[in-house]
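>>> Using only what follows, build the 3D model:
(4 chains)
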Amino acid sequence: MDALIALIQNAPGAANMSAQALHNTAAALMATLMFTVMALCAIVFTWMERKVAGFLQNRYGPMRTGRWHGWAQAVADMLKILGKEDIIPAEADKGLFVFAPILVLLGSLLAWAAIPWAPGFVAADLDLGLFYIFAVSSLVIIGILMAGWSSNNKWALYGAARGAAQMVSYEIPLALATIPVIMYTGSLNTQDIVIAQQGGLANWYIFRDPFLFVAFWMYFIASIAETNRGPFDMPETESELVAGYHTEYSGMRFAFFFLSEYANLFLVSLIAVMVFLGGWWAPLPLLDVIPPALTFIIKGVMMVFFNMWVRWTLPRVRVDQLMHLCWKVMIPIALICVLGSGIIQMVRG
Amino acid sequence: MEARAIYELLAEKIGDGALGFTEGTGDPVADVAPASIVDACTFLRDDERCDFDMMMCLSGIDWDGYDENGKGKSVSILGYTDLGEPETTERASDGDFGVAYDLYSHRLKHKFTLRVRVTREVASVPTVSGVWETANWHEREAWDLLGIRFAGHPDLRRMLLDESWVGHPLRKDYQMPSEWDAVRLSGRDYAKNPFPPIAPPETPTPPAGDKPAEG
Amino acid sequence: MATEDVKATGWADQDHVPEIKSELLELNMGPQHPATHGVLRLLLETDGEIVYKVTPVMGYLHRCAEKIAEGVNYKQWVVYTDRFDYLAPMCCNHAYVTALEKLMGQEVPERGEHLRVVAAELSRIASHLVSLATFGLDMGAFTPLLYMFREREEILNLLERIAGGRMLYNYMVPGGVRYDVPDDKWIKDVLSFVDMMETKKVPEYNTLLSYNKIFIERTANVCVISPEDAFTFGCTGPVLRGSGVSFDCRRDDPYGAYPKFDFEIPVGQGQMGAVGDCWDRYFVRMLEIEQSCRLIRQALETLPDGPYQAIELKKPVKAPMGAVYSRTESAKGELGHYLIGDGGQTAFRNKVRSPSFCNLQVVTKVGVGQMVSDLVALVGSLDIVLGEIDR
Amino acid sequence: MSYKESTTPPEGYDVGRENMLDFKIDKQFEMLEQSDSKNFILTTVDEVFNWAKLSSIWPVTFGLACCAIEMIAAGATRYDIDRFGAGAFRPTPRQADLMIVSGTVTGKMARRLKLIYDQMPEPKWVMAMGSCAIGGGPYFKYGYHVVKGVDFIVPVDVYVPGCPPRPEVLLEGLMRLQDKIRGRKGKLITPKWVLDYAQKIPYRK
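Numbering: from 1, shown residues only, chains lettered A, B, ... in the order given. This is a model prediction of the structure:
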């Protein structure tokens, strides 16, 4: 934000703006930028998902749309969805039905504010940044529950109930896995967390101590469950619950769910990069020439690719096994990580 | 064990219920009275020497119009005409219904066939679904397609067709429906087709001896 | 949870448990549902994730094949047998012509029998591949589906070269097969395909799916079918063998050229859980692919010279008066035909005992008390084909 | 420019059997080209949206019979319908654009099929795949439970013949559907010899 304000100040004609006006302009710019990035990432990642799936499955994926390797496929998808008929089932709870996709989108959009893209380049430089991210991203759960309930469809209800149970549960290991990092940094500020990892690979939190290494994988597994993707795609389980909580959604409202899925995917990947994988710092001094924001995004995209790889390889777990995994395996391990990492920090002084 | 030996065991058990044993073309068949079919099946399943633990198949048969002389002159069934209209007939239907039970023993590896016959008016056979579970669905199918009732069946609903379907299609006198549940089942009416069919050129007569190609 | 259930937990204040009314949720699965393998409809009564009652409703693909059998002549009806089990059409052809030849008392030349075995076993591999693939899909693994369809395409290519059709063939005729082997290269190609299947592909599937930890968790100890249940419900094929019963029509009720060949009958061992669980049924199919490869190799290596048809193609076929029940081992299980002839060119009655029809009935017992996800696993592991159930 | 398809040809229009099938679209397109008051912006926007529609035709996961297997094969590795952007099979009709009626439609299924069609949001298309869906196929003569053509139940855009059609034919059908959405006659015109041959096929009375 500060960087942006400085940028606007230097722009011609902005010299005599008041501090408040400057701040407002910067905030509006930032919000627009965030939304654009989010929409863009959804478009890029739908295309990437189909290409990655094709690559893993011995086929090509989209090839025709836009001539070069179907690059415009996601654009066409989005445009087409814009033009589709918007159906609200007669028996649906109309208010909730309309509001649910907006809430889901809002949940993932708000969380983007605290992502540090580059030094000083963060929309909301909050002292409780990480806490804020986890707090607002739970809005998604309410949205999914609303969507499932209001659709008046049994499959949607099943999907929503499963989704709510899963996402509420997996928030715990997700947050617990980041606690050792917060203990190291001594701050919840997202910029502070990244700045503390300066100085090459060895200083990234994932390699600081063995417990943090385990915590990273805990975070990774929980984040897959948090974004409702395979092998934990309980809320939509194609082969069981038709399409889960968005069975009755069509047109633009479905696109909101679609958008938020990929926005969330990128979000959790970026958090992983930010918390464990050194944020915008390049792994080697040699690579410092790359702009920090680009480094950050490249790392995020690599995490997304890894996520897709997992999704297209593994079968799906059953809903009770999912809960078992969360409460009886991952939470204890995450707690041990907190304890072990704390002891190591004490010993190291 | 040979089929004849099994039949003798069976005849000993059910007495008058056993109506005869035929060997000839095809499988040897034991004819059983409908009233004693459940006894016969229970005996065949439980007896140590028979031990038929599996019913392979249960087939309902409509003997209406069967050519008993083996000349291939059985009555031909009704279908749709080439223009999609149902064919009709004036023929009165007669003839019995039959049910054939094909049994197998996994342990002793022998087979046996039972057959019952009921008149068209009665059309009811005691169920054997208490003996082998698999008979449940086979009997429902026979009821559905042939209209043979199975007395004592726990759940005698139609299997493949809808409950509101009229008639039993595998009967020899069944006339094809033109509509069911507001769904048109007769073929395309070319008179109403915007693309009229090309006038048929002179077709060469099909070679004698073989039936012409259908459909 | 009903009032009694709340009391039974012992947690609530026993005197003041409010009157709770609860009823089971009726869930309608299908006919358009991704996991019902076609147009099967399952009416479920569920309490949360637990299924209390399963009622299969079928007939959405009832194509009147048995009626048609009484209308068209014997040779024309081979076409319709293709469309029963459209995943293994050669096996269905084989079952029908075997029944017809049994009624006619017709002998088949050696070469014809061998070619039938090759075609039927290739078809069986293709069917098992689709079965394993869709089972994986039901479990949420999409990628193995495409890997297995890749090999299926190879089989379809091979069969197209010998039979002329890509998917449905009408290849077997009473008294033999329709076409001879196109050339020697075909035999070489089949053999090399079989080698590839055994040495490369089956291990690949095993790594990808069979021994995957999540897959085992999902399928082992799930929906166990005991041998007694299997017998009384008339289950056959991989479902019966998965329950640990060594029964196969190819060995126990031999037909065609099968008695000449040396092959094993894989049965469920309960490697990952109880005998007769979904994983066993799945893995039996995987092992059967290897046995089919053995059979194909033997049949081609000992392929005799001579005629491949006993009856001229254009000659009409007549069957004498009488009734037979003949059964063969299709990819799904015992495929039987109850055939009544009247001396003419058309069957008087042709009842088809289809394996999927009998195998599916076991759902009404085994599916009760399972979770919805497990029911999907059960239906997937039974490997049903609706064309065969509804006919 | 959206247009209403008329069912009868205009007066004096010479209807030969060859151009019968395509005359509607052709005529409309001709009129569009010739009109003086052509609105460039609207046309361009329309073209963009049409391009979007034809590039992302999502079929509903709806397999009926044998043809469904070929439909899966078309989506699988070798044929890969995803190359045309039509690989995203949606399990729920609410999110789909195309219904591929892949197989025999029976009397019992007809209602459900109509329901699924009604549940799909506009714009939607239907492809009749295989001879059963086109006109009853081999089940015409004795099929008491078979609907003789899915066009008795829902309007059909593209007919894909075959029993079952090969995946290549399904892809061809998809491309013809794309042509239809584009509002143009397809590049592939039925060759003269095919029509001549069709004339010679004896019509059984």
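
>>> C-alpha from now on. contacts and neighbour counts both.
Will do.

>>> Mind listing residues that contact whichever strand or helix holds A:I298?
Taking DSSP states H and E as the definition, A:I298 sits inside helix A:292-311. For helix A:292-311, the surrounding residues in contact (CA atoms under 8 Å, 6 or more residues apart in numbering or on different chains) are A:49, A:52-53, A:56, A:117-119, A:224, A:229-231, A:265-266, A:269-270, A:273, A:279-282.

>>> The host helix or strand of A:W47 vs helix A:292-311, what angle?
A:W47 belongs to helix A:19-56 when assigned by DSSP H and E. Going by axes from the mean of the first three to the mean of the last three CA atoms, to 10 degrees, helix A:19-56 is angled at 40 degrees with respect to helix A:292-311.

>>> low-confidence ranges in chain D?
D:1-43, D:184-195, D:197-198, D:200-205 (pLDDT under 70).

>>> Helices along that one, start to end?
D:17-20, D:23-34, D:40-55, D:66-75, D:107-119, D:131-135, D:167-182, D:192-200 (DSSP state H).

>>> And chain A, by the same measure?
A:2-10, A:19-56, A:73-82, A:94-111, A:129-137, A:139-150, A:154-185, A:190-195, A:210-226, A:251-275, A:292-311, A:319-324, A:331-348.

>>> Out of these, which gets nearest to C:G333?
helix A:319-324 (32.0 Å; CA to CA).

>>> Run the chain-centre distance for the closest one.
23 Å (CA atoms, centre = their mean, to the nearest Å).

>>> Ok, stretch A:292-309 next?
The mean C-alpha position of stretch A:292-309 is separated from the chain mean by 11 Å, CA atoms, centre = their mean.

>>> Likewise for stretch B:62-77?
On CA atoms, centre = their mean, the centre of stretch B:62-77 falls 14 Å from that of its chain.

>>> What of stretch A:93-107?
The answer for stretch A:93-107 is 19 Å, by CA atoms, centre = their mean.

>>> where does chain B dip in pLDDT?
Checking chain B against pLDDT under 70 turns up B:189-215.

>>> let's go with 80 and repeat that
Across chain B, residues meeting the criterion (pLDDT under 80) sit at B:1, B:17, B:24-25, B:70, B:72, B:82-84, B:188-215.

>>> go on, the stretch 151-300 of chain A?
A:199-200, A:202, A:230, A:235-240, A:284-289.

>>> Contact residues of it facing chain C?
Neighbours of chain C within the stretch 151-300 of chain A, by CA under 8 Å from any CA of the partner chain: A:K154, A:G230, A:P231, A:T237, A:E238, A:S239, A:E240, A:V242.

>>> Enumerate the residues of the stretch 251-391 of chain C near chain A.
So the stretch 251-391 of chain C meets chain A at C:V372, C:S373, C:V376 (CA under 8 Å from any CA).

>>> Can you tell me the closest non-neighbouring residue to C:V181?
Spatial nearest neighbour of C:V181, chain neighbours left out: C:I162 (5.9 Å); criterion: CA to CA, 6 or more residues apart in numbering or on different chains.

>>> And that neighbour, how close does it get to chain B?
C:I162 sits 24 Å away from chain B, going by CA to the nearest CA, to the nearest Å.

>>> right, and that residue touches C:D183 too?
No - here C:I162 does not reach C:D183: they are 9.1 Å apart, not a contact under CA atoms under 8 Å.

>>> Looking at those two, which is more packed in?
Neighbour tally, C:I162 and C:D183, criterion other CA atoms under 10 Å in any protein chain shown: the higher count belongs to C:I162, 20 against 10.

>>> Report the helix or strand with the lowest average pLDDT across chain C.
helix C:3-9 (a mean of 68; mean pLDDT, DSSP states H and E).

>>> List the buried residues of the helix or strand just after it.
The first helix or strand that comes after helix C:3-9 along the chain, using DSSP H and E, is strand C:25-29. Across strand C:25-29, burial judged by 16 or more other CA atoms under 10 Å in any protein chain shown covers C:M29.

>>> and strand C:25-29, is it in reach of chain A?
Yes - under the criterion of CA under 8 Å from any CA, chain A is reached by strand C:25-29 at C:L27.

>>> Neighbours of A:P285, how many?
11.

>>> Over to A:E91?
If we define neighbours as other CA under 10 Å, then A:E91 has 10 of them.

>>> how about it, what does it touch?
Counted by CA under 8 Å, 6+ apart, A:E91 has contacts A:S151, A:N152.

>>> just B:V99 next, same as before
Per CA under 8 Å, 6+ apart, neighbours of B:V99: B:L58, B:S59, B:G60, B:I61, B:R115, B:V116, B:R117.

>>> would JSON lines of these with neighbour count be doable?
Conversion of the contacts of B:V99 to JSON lines gives the following (neighbours: other CA atoms under 10 Å in any protein chain shown):
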{"residue": "B:L58", "neighbour count": "26"}
{"residue": "B:S59", "neighbour count": "23"}
{"residue": "B:G60", "neighbour count": "28"}
{"residue": "B:I61", "neighbour count": "25"}
{"residue": "B:R115", "neighbour count": "21"}
{"residue": "B:V116", "neighbour count": "22"}
{"residue": "B:R117", "neighbour count": "22"}
